[in-house]
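Chemist: Please work out how this folds:
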Amino acid sequence: MRSIRKLAWFGHAAGRRGDGLSTYSREHVAALQRCGIEVLFVHHRHDGDVIPVPERLTLDAGRFKTVVIPAPGTRNRICRALEDFRPDVLHLSFSFSLLDAWILGEAQRRGIPTLATVHLPYAAPGSMRGRVLRGLY
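Modeler: So this is what the prediction gives:
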């Protein structure tokens, strides 16, 4: 088993978001750093405040409710960051953006083992949105 020294974390920053996704990223990244793992934190600018890490990639995107629509050029920026950082492992917090499947494929093409965490967006159980999200989950 190879050791993990570097991890690319595709997650969610804090700021305007005071939710479980932000807490999940903040707590896990801090724990990884305490274990001596170097983290590249990849997040979207609209998330607000950034988790304090030396290495980060801030991406531009549009947002429609819970859907994050990446800005043009995002794939190239991610590819360059992965090439420069060379992570041993990649973590993807679903849903990160409409590029989730592409990010997983890019990690696979590069031979980067990947861990994905699926977060179910909250919606009232009886609502149409709640029924759709439950069905997707």
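Chemist: my read: Thr117 touches Ser93, true?
Modeler: Yes. Using C-beta atoms under 8 Å, Thr117 is in contact with Ser93, at 5.3 Å. In short, each C-beta sits where N, CA and C put it, glycine included.
Chemist: Quick one: the helices in this structure, in order.
Modeler: With DSSP state H as the definition, the chain shows helices at residue ranges 20-34, 74-85, 100-109, 128-136.
Chemist: re the thing from before, overlap in contacts, Thr117 and Ser93.
Modeler: Contact criterion C-beta atoms under 8 Å, 6 or more residues apart in numbering; residues shared by Thr117 and Ser93: Tyr24.
Chemist: Which one's more surrounded, the two?
Modeler: Neighbours were counted for Thr117 and for Ser93 using other C-beta atoms under 10 Å; Ser93 has more, 21 against 14.
Chemist: Now that one: closest residue in space that isn't a chain neighbour?
Modeler: Spatial nearest neighbour of Ser93, excluding adjacent residues (C-beta to C-beta, 6 or more residues apart in numbering): Gly11 at 4.4 Å.
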